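Chemist: following is a predicted model, sequence given first.
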Amino acid sequence: MATLRARLWAVLVTVCLLLTAQTLATPQRAVAADPGYLMTHFIGEGATGQQIYFSHSTDGLHWSDLNGGGMTLRSTVGTRGVRDPALVRSPNGDRYWIIATDLCIGCGQSWGDAIDNGSRNLVIWESRDLVTWSQPWLLNVAGAIPDGRNAWAPEAIWNPETNDYVLYWATNATLNGVRKHRIYYARTTDFRTVTTPRLYIDRPGTQGIIDTQIVEVPAGVGGHRYVRTSGQITIEGGDSILGTWTELGNLSGIGLTGSQVEGPMWMKFRDRDEWALYLDQYAAGRGYMPVLTTGPATPGAYRLPGSGTYDMGGTKKRHGSILNLTAAEESRLQARWPATAANRLQSYNYQDRYVRHADFDVRIDPNVSPAEDARFRLRPGLAGSGTVSFESVNFPGHFLRHVGFDFQLAYDDGTTAFAEDATFRRVAGLADSGWSSFQSYNHPDRYLRHYGFRLRLDPITTATGRADATFRVTS
């Protein structure tokens, strides 16, 4: 009996040791269960690249593209392109804003135009849940600056001393006989009205400055409450957002200057006392990389990442911002913008033609250009379970919708009428069961079909109608 007890005890000890070893070997499991990070950014030039994109990371170093790598918001105002987006969360977390540069290089505007006679506006979106966004609006911030010629790279931070936001950006203007980019600021509570702009950061002589971002650090970290990076990737510290700032140094010690990188973007790791300062490698055309530090106010503490320690995902990430997510925010984001593929709808009886939008009208065409006009994401139906809605890839938030039984690409206004008009039941193809047909949710006797190559919603009673109402969902 003693021998049996000894054997049982040995087995129990072995099992406990194995469980302990497994727990010690996999501490990342607890970390992985924590909410991750959202990056808001643009990806390149042209009308498509200069829009709003979202990426997600569980650890702050390895990123995946949300929405299948497609844009999440598209500017329909000003130049109809945006760069340098900043994502702002209200102090109590009940409201969000995206503020961005109104700029579209290669869309009828050159760099020379943008520098000397660009938009004086910023582009703003607002949301209450981080997934449903308003239509964009323009906010004129540089029009009140004497000789103000543009408004670039906006950022904003909540200022507890004044109980509002400090909105700051770069404007090319003439001051004391010198024309160059300087940082200006204004105060706002709603990003719809602002106070009179005032000069914020000016460099000596003809040296200009464009990109600046401020991060709040815990008391005792470097002896400053706030740290900002700007210009030639200098590091500055201050105890008040609108107070005195002290230059602490730069990153030339690790080989980084403003001639190589730009668009500084801070991120605090939630599971340790460490920060990542993401820098856009614009000179090499490589997008963001992280520089790591445990002391944001200590230039000598920054270090380059080791080989293979980070992955920026499928798209190039350029000048944006990072938000540490709550669990609820992360859940909503991943449900709204999963990594789903884009599809095309191929006509059954005109197989060289695909459903596409053109000036927000909807038809079937061959050789669609741009190709994105014929690409849609099949989302769970806006009005009911077991149904589908078709969201445009290059006009996110816009869906195929019938109005008076004619089809258009329209922005989701959140109404019940819109949801029902944009929702369909996918059924076996009326002309070929291997294909698909789409029955209207609110007019179940009618189906999506083409007629004279334009999309309509009609009752289907003939063989021609059945062929017109049959499509293949294809990539």
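Modeler: Thanks, I have the structure now.
Chemist: just checking, residue 59 touches residue 36?
Modeler: Yes - counting by Cβ atoms under 8 Å, residue 36 is a contact partner of residue 59 at 7.3 Å. (C-beta placed from N, C-alpha, C; glycine too.)
Chemist: quick one: which of these two has more around it?
Modeler: In terms of neighbours (other Cβ atoms under 10 Å), residue 36 is the more surrounded of residue 59 and residue 36; the figures are 21 against 16.
Chemist: next up, the contacts around the more buried one.
Modeler: Going by Cβ atoms under 8 Å, 6 or more residues apart in numbering, residue 36 touches 56-60, 325, 330.
Chemist: where does the protein have low pLDDT?
Modeler: 1-33, 219-222 (pLDDT under 70).
Chemist: ranges for the helices of it?
Modeler: 2-25, 28-32, 46-49, 111-117, 327-336, 416-421, 463-468 (DSSP state H).
Chemist: find the nearest non-adjacent residue to residue 279, please.
Modeler: residue 261 (3.9 Å; Cβ to Cβ, 6 or more residues apart in numbering).
Chemist: same check on residue 382?
Modeler: Closest to residue 382 by Cβ to Cβ, 6+ apart is residue 419, at 3.8 Å.
Chemist: is it true that that neighbour touches residue 379?
Modeler: No - taking contacts as Cβ under 8 Å, residue 419 lies outside contact range of residue 379: 11.4 Å.
Chemist: the two: which is more packed in?
Modeler: Between residue 419 and residue 379, counted using other Cβ under 10 Å, the more crowded position is residue 419 (21 against 18).
Chemist: so the more buried one versus residue 386, what's the distance?
Modeler: Remark: distance between residue 419 and residue 386 (Cβ to Cβ, to the nearest Å) = 14 Å.
Chemist: please apply the same query to residue 340.
Modeler: Between residue 340 and residue 386 the distance is 17 Å, computed by Cβ to Cβ.
Chemist: kindly report the same for residue 445.
Modeler: From residue 445 over to residue 386 (counting by Cβ to Cβ), the distance is 18 Å.
Chemist: with residue 272 instead?
Modeler: Distance from residue 272 to residue 386, by Cβ to Cβ: 44 Å.
Chemist: rewinding a little: now do the shared contacts for residue 419 and residue 379.
Modeler: What both residue 419 and residue 379 touch, as defined by Cβ under 8 Å, 6+ apart, is the set residue 389.
Chemist: re earlier: which of residue 340 and residue 386 has more residues huddled nearby?
Modeler: A direct count of neighbours by other Cβ under 10 Å for residue 340 and residue 386 places residue 340 higher, at 14 against 8.
Chemist: right, and that one touches residue 380 too?
Modeler: No - Residue 340 is beyond contact range of residue 380, at 10.4 Å (criterion: Cβ under 8 Å).
Chemist: how about the strands in the stretch 251-400 of the chain?
Modeler: Assignment of strands within the stretch 251-400 of the chain using DSSP state E, counting those that start in this stretch yields the ranges 262-268, 275-280, 288-293, 318-324, 344-347, 354-358, 361-365, 376-380, 388-392, 398-403.
Chemist: send me the third one as CSV with only the CA atoms.
Modeler: What follows is strand 288-293, C-alpha atoms only, in CSV (Å, rounded to 0.1, in the frame of the first residue of the first chain):
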residue,chain,number,x,y,z
TYR,A,288,6.2,52.5,-41.0
MET,A,289,8.7,50.8,-38.7
PRO,A,290,8.7,50.8,-34.9
VAL,A,291,11.5,52.3,-32.7
LEU,A,292,11.3,51.0,-29.2
THR,A,293,12.0,52.7,-25.8
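Chemist: so it versus strand 262-268, what angle?
Modeler: Note on geometry: by axes from the mean of the first three to the mean of the last three Cα atoms, to 10 degrees, strand 288-293 and strand 262-268 are set 50 degrees apart in direction.
Chemist: now for strand 288-293, which elements pack on it?
Modeler: Strand 288-293 sits against strand 262-268, strand 275-280, with contacts defined as 3 or more Cβ pairs under 8 Å, 6 or more residues apart in numbering; DSSP states H and E.
Chemist: cool, the first one as well?
Modeler: Packing partners of strand 262-268 (3+ Cβ pairs under 8 Å, 6+ apart): strand 212-216, strand 226-230, strand 275-280, strand 288-293, strand 318-324.
Chemist: skipping adjacent residues, who's closest to residue 260 in space?
Modeler: Of all residues not flanking residue 260 in the chain, residue 283 sits nearest, at 4.8 Å (Cβ to Cβ, 6+ apart).
Chemist: for residue 437, what are its contacts?
Modeler: Contacts of residue 437 (Cβ under 8 Å, 6+ apart): 426-430, 447-448, 469-471.
Chemist: hmm, who's touching stretch 340-351?
Modeler: If you take Cβ under 8 Å, 6+ apart as the criterion, stretch 340-351 is touched by 67-68, 70, 353-355, 364, 366, 374-379, 390, 393, 429, 431-432, 435, 450, 453, 467-468, 470-475.
Chemist: so how far is that stretch from its chain's centroid?
Modeler: Mean-position distance between stretch 340-351 and its chain equals 27 Å (Cα atoms, centre = their mean, to the nearest Å).
Chemist: and stretch 99-107, by the same measure?
Modeler: 15 Å.
Chemist: same deal with stretch 462-475?
Modeler: Distance, centroid of stretch 462-475 to centroid of chain: 36 Å (Cα atoms, centre = their mean).
Chemist: may I see the buried residues of it?
Modeler: 465-472 (16 or more other Cβ atoms under 10 Å).
Chemist: identify the residues contacting that stretch?
Modeler: Outside stretch 462-475, the residues that reach it (Cβ under 8 Å, 6+ apart) are 341-349, 355, 378, 429-432, 435-438, 447-451, 458-460.
Chemist: ends of it, how far apart?
Modeler: Stretch 462-475 has its terminal residues 29 Å apart, counting by Cα to Cα, to the nearest Å.
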